[in-house]
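**Student:** the following block contains a protein sequence and its predicted model.
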Amino acid sequence: MPRNIYRYVLETSGWHQLCLVVLTIAVFLLEVVPLELQRRIVDDMVKHRDFWWIAGLAAVYAGTALVQGGTKLVLNVYRSWVGERATRDLRHRVHALVSSQSAASSTPEAEGVQASMMVAEVESIGGFVGGSVSEPLLQGGILCSVLAYMVHVDFWMAGTAFVLFVPQLVFVPLMQGAMNRRTHARVRVIRQLSVSVVKGTRSDDASDRTDDKRIQRVFELNMGIFKFKFSMNFLMNLSTQLQIVGALLVGGWAVYEQRLEIGGVVAFISGIGRITDPWGDLVNYFRDANITQVKFGLVRDAVNQQAPVPDPTGT
């Protein structure tokens, strides 16, 4: 198996990833169309345009939502299929590893590690493979397209929103790094617990106390992760609300000065809502990428150690 998770992605699903990229580009390019339609519909309402014109724009809006939603549905099902193929491949590899070891030579430690790999670790690795390329492209594409549209609507509103967004570029990486360290430690402690469970009958006071400490350690690590996760969500949501307040103030002044129509403010506020989820999903992606690389490394090392060594004589 390759050393890096992304090389494994290319080896097992290279052409499928290319198809996923095409679908992903179509999805994020359609993201700004509803924003522009919202702006036009609201402006036409204020101007008392003919109702049938507004109804036509609403029909286009509904059609765009249907096309974008259908494309995203195909994208999600396709990359889930790619992920499940990778999970199946990894399970075959781990099963081959288990089958290659005789019952007499297998140790409780090895059995515990293999059980952890077969049940839990390959599942998350396969899930990551499905969205390894399309997920950051989709969320990054949505961010860039919506931000470009927001600048197009009003530069000063976009500048205000960006200034209020900047603190997230500081606290999100710091808090995410703290969560990553705790998650890595949690994976290793759970593996140790799996080994202890497979040992089964060899139970004594010392081993029980060790397992109790491991269980307590997992609890403490999980609570640390939860505290950082929900604190980060709180700060990100607060930042979003402050961006909306800034847009209302700056956009309201622009409308008052007749530099901007009210539909632009409505579309801009809707755009702020549309960049919150992609940013959060990108943060989650890089967290999962870090964790998955650790899990992949553990599975790779176990499988590669048992891989047959080629005969140098060629016989």
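**Tutor:** Okay, I see it.
**Student:** just give me the neighbour total for Ala244.
**Tutor:** In this structure residue 244 is Ile, not Ala. 15 (other CB atoms under 10 Å). (Each C-beta comes from the backbone N, C-alpha and C, glycine too.)
**Student:** just the element for it, please.
**Tutor:** helix 205-256 (DSSP states H and E).
**Student:** what's the angle from the next helix or strand after that helix to helix 205-256?
**Tutor:** Past helix 205-256, further along toward the C-terminus, the next helix or strand under DSSP H and E is helix 262-305. Calculated by axes from the mean of the first three to the mean of the last three CA atoms, to 10 degrees, helix 262-305 forms an angle of 160 degrees with helix 205-256.
**Student:** pLDDT weak spots in the stretch 1-150 of the chain?
**Tutor:** Low-confidence segments of the stretch 1-150 of the chain (pLDDT under 70): 48, 97-121.
**Student:** distance of Phe228 from Val163?
**Tutor:** Using CB to CB, to the nearest Å, we find Phe228 at a distance of 25 Å from Val163.
**Student:** what sits up against stretch 68-80?
**Tutor:** Contacting residues not belonging to stretch 68-80 are listed as 16, 19-20, 23-24, 26-27, 30-31, 33-34, 130-131, 134-135, 138 [CB atoms under 8 Å, 6 or more residues apart in numbering].
**Student:** buried stuff in it?
**Tutor:** Residues of stretch 68-80 classed as buried by neighbour count (16 or more other CB atoms under 10 Å): Gln68, Thr71, Lys72, Leu75, Tyr78, Arg79.
**Student:** compute the inter-axis angle for the helix or strand where the third one lies and helix 262-305.
**Tutor:** The reference is to Lys72. If you go by DSSP H and E, Lys72 is part of helix 51-100. Between helix 51-100 and helix 262-305, the angle formed by their directions is 10 degrees, by the same axes, to 10 degrees.
**Student:** roughly how far is helix 51-100 from the heart of the chain?
**Tutor:** In terms of CA atoms, centre = their mean, to the nearest Å, the centre of helix 51-100 is found 14 Å from the chain centre.
**Student:** tally of neighbours for Val46?
**Tutor:** 11.
**Student:** from Ala289, how far out is it?
**Tutor:** Distance of Val46 to Ala289, given as CB to CB: 46 Å.
**Student:** again with Gly56
**Tutor:** 44 Å.
**Student:** what does Phe128 give?
**Tutor:** 7 Å.
**Student:** repeat for Val32
**Tutor:** Noted for Val32: a distance of 27 Å to Ala289, by CB to CB.
**Student:** which one of those two has more residues nearby?
**Tutor:** Each of Val32 and Ala289 has its neighbours counted (other CB under 10 Å); Val32 has more, 20 against 16.
**Student:** many thanks, have a good one.
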